[in-house]
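Q: Got a predicted structure here, sequence first:
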Amino acid sequence: MTKDELTTLLSGAPAEVVKALSVKPIYEPVKADGKTPLVTADFRKQYEVAGHDVLDNTKRKDKQVKKGTGDQAEARIELVNRIGIPFQEIITERAVSFLFGTPVKITASPDGDNQQAVFDALRRILKDNKIDPFNQTVALDLFRCKEVAEIWYAVQKPEVHNDYGFETKSKLRVLRVSPWDGSELYPLFDETGDMIAFSRSYQMPGLEENKPVSYFETYTDTETIIWKKEESEWGEPSRTANAIGKIPVVYARQEKTEWENVQSLIDRLEKLLSNYADTTDYHASPTIFVSGTILGMPDKGESGKVIQGMDGAKAEYLSWRQAPEMVKLEIETLLTLIYSLSQTPDISFESIKGIGAVSGVALKLMFTDAHLKVKKKQRIFDAYLDRRASVILSFIGVMNTKLTADTKAINVESQVQPFMIGDTDALIQMLTTATGGKAVISQKTAVGQTGLVEDADAEFELIQAEGVASATEPTL
């Protein structure tokens with residue numbers, strides 16, 4: 001669709017416009033039946049342990065057994081073991097932590113005071129919106145339901161403030177939206193791949209119980225349009241001019257959930273462990289098989305237990321002759337494949353307790369796969385973070401028109417910093433060697449880095465004063 005076609009469409013009847021914009025432009029994968037599309041409800045069942053197939057009584061049924069023989073037989077239900085493992089959550093959370101566990105580095109090379117003012121305002125806006133945890137929630141939604149968006153908007157305050165380095169009544173805020181929270185997202189692209197509109201449908205509680213109100217929002221570079229559905233008809237939209245001249249939305253999508261490639265392996269592992277637990281329940285306690293006539297059994301706790309029987313009677317323990325080596329091998333193989341194919345490091349206590357102290361180089365090698373995954377995610381988030389900065393700069397140019405030209409001239413870069421456990425000793429040794437044995441930080445900086453004092457400047461002054469006093473003390 002072209003921008004001219006979109007403009008014509010937006011002037012049409014509400015029901016027709018909403019229907020035309022409520023179209024997913026990207027192919028959606030389907031379930032095993034080959035017809036039914038996968039939806040967020042399917043991903044939620046996979047992500048949350050309570051929704052796993054192994055816990056579903058219709059898919060893993062309890063056993064119907066009979067106790068006794070003949071007329072004395074009694075039918076009963078025996079509960080089977082159900083072991084669900086939150087692998088989907090672990091895979092997703094670790095991917096988020098390695099991607100955004102370390103704050104994104106925002107850099108620029110301001111040319112002049114005005115560009116520096118723009119950069120300072122940008123950083124303050126990001127700080128006010130708690131952008132570091134916000135990045136993690138954005139990634140979390142993207143990884144578990146495949147798409148996410150953030151909508152930036154200005155809120156007018158009753159009084160002028162100077163928080164951004166200039167006087168304004170506006171406060172910039174951001175809203176994260178995704179299918180995980182009940183929104184349906186509909187980006188619209190033109191023939192060149194540029195997004196020319198972004199729409200979102202959602203429901204809010206109505207005045208009457210059990211009668212939610214439906215909303216449909218569309219954002220373009222010229223206006224924001226909101227339709228409201230009351231009863232069964234879409235009403236006339238409310239329209240608000242878009243002051244920044246670009247769509248105030250940042251959108252991201254990936255083809256699969258983080259665990260989609262290993263979902264079948266997780267299902268198999270849960271089934272295998274559950275079946276193995278059932279088998280263990282049957283065979284863990286000793287079972288005695290008796291043939292012939294038994295005259296007496298020993299009491300519980302009796303020392304030197306003896307079973308008395310008539311001639312020809314036999315009693316022997318039933319042993320589990322099929323050692324579970326194949327089960328153990330399959331479990332270990334499944335665990336290895338789940339971790340490796342999802343590029344998730346196994347950093348459980350059991351897996352690392354025997355490693356001991358390792359160097360920074362060894363740590364990087366351990367997390368190579370996770371960092372390669374971060375590199376893959378940067379294909380999405382490099383453009384995503386650049387788009388965010390562009391939207392915020394446009395708002396700054398509107399809030400302070402004196403800086404409009406500088407918001408377009410400044411070049412802001414957002415750099416993802418993959419999470420890594422620091423090896424400070426190795427870093428200091430490398431820097432000391434590189435500088436020929438000279439100091440790499442000042443004593444004042446080192447005091448601040450200890451984290452043992454609240455006021456590093458005051459502590460450093462106290463250290464200096466103590467040094468002077470020590471140097472002037474008379475020696476005997």
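A: Looks like it came in fine.
Q: Can you tell me which helices and strands the helix or strand harbouring residue 157 packs against?
A: Assigned by DSSP states H and E, residue 157 belongs to strand 147-161. Strand 147-161 is packed against helix 131-145, strand 168-177, strand 184-189, strand 195-204, strand 249-253, helix 368-399, with contacts defined by 3 or more CB pairs under 8 Å, 6 or more residues apart in numbering; DSSP states H and E. Where C-beta positions appear, they are placed from N, C-alpha and C, glycine not excepted.
Q: swap the cut-off to 7 Å and go again
A: Counting contacts by 3 or more CB pairs under 7 Å, 6 or more residues apart in numbering; DSSP states H and E, strand 147-161 is packed against helix 131-145, strand 168-177, strand 249-253, helix 368-399.
Q: Just the CA trace of it, in PDB.
A: Output in PDB follows, covering the C-alpha atoms of strand 147-161 (Å, rounded to 0.1, in the frame of the first residue of the first chain):
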ATOM      1  CA  GLU A 147       6.700  -9.100  18.400                       C
ATOM      2  CA  VAL A 148       6.600  -5.900  20.500                       C
ATOM      3  CA  ALA A 149       6.300  -2.200  20.000                       C
ATOM      4  CA  GLU A 150       6.800   1.000  22.100                       C
ATOM      5  CA  ILE A 151       4.800   4.200  21.600                       C
ATOM      6  CA  TRP A 152       6.300   7.500  22.700                       C
ATOM      7  CA  TYR A 153       4.000  10.400  23.600                       C
ATOM      8  CA  ALA A 154       4.100  13.800  25.300                       C
ATOM      9  CA  VAL A 155       2.200  14.500  28.500                       C
ATOM     10  CA  GLN A 156       1.400  18.200  29.300                       C
ATOM     11  CA  LYS A 157       2.100  19.200  32.800                       C
ATOM     12  CA  PRO A 158       0.400  22.200  34.600                       C
ATOM     13  CA  GLU A 159       3.700  23.900  35.300                       C
ATOM     14  CA  VAL A 160       6.900  24.600  33.400                       C
ATOM     15  CA  HIS A 161       9.900  22.500  34.300                       C
END
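Q: Need the contact partners of that strand.
A: Contact with strand 147-161 is made by 138, 141-142, 167-179, 185, 198, 248-253, 391-392, 395, as judged by CB atoms under 7 Å, 6 or more residues apart in numbering.
Q: rerun that using 8 Å as the cut-off
A: Contact with strand 147-161 is made by 134, 138, 141-142, 167-179, 185, 187, 198, 200, 219, 243, 248-254, 388, 391-392, 395, 398-399, as judged by CB atoms under 8 Å, 6 or more residues apart in numbering.
Q: Provide the strand pairings for that strand, with the direction of each partner.
A: strand 168-177 (antiparallel), strand 249-253 (antiparallel) (DSSP bridges).
Q: Take the ones you listed and write them to CSV, including distance to residue 462 and mean neighbour count.
A: CSV is the format used below for the strands paired with strand 147-161 (distance: least, CB to CB, whole Å; neighbours: other CB atoms under 10 Å):
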stretch, distance to residue 462, mean neighbour count
strand 168-177, 41, 18
strand 249-253, 48, 20
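Q: would you turn those into JSON lines with distance to residue 336?
A: Output for these, formatted as JSON lines (distance: least, CB to CB, whole Å):
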{"stretch": "strand 168-177", "distance to residue 336": "35"}
{"stretch": "strand 249-253", "distance to residue 336": "30"}
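Q: counting contacts, what elements does the one helix or strand residue 468 maps to pack onto?
A: Secondary structure from DSSP H and E places residue 468 in helix 456-472. Applying 3+ CB pairs under 8 Å, 6+ apart, we find helix 456-472 packed against helix 443-450.
Q: quick one: the helix or strand residue 114 falls within to helix 368-399, angle?
A: According to DSSP H and E, residue 114 maps onto helix 113-128. Here helix 113-128 runs at an angle of 120 degrees relative to helix 368-399 (axes from the mean of the first three to the mean of the last three CA atoms, to 10 degrees).
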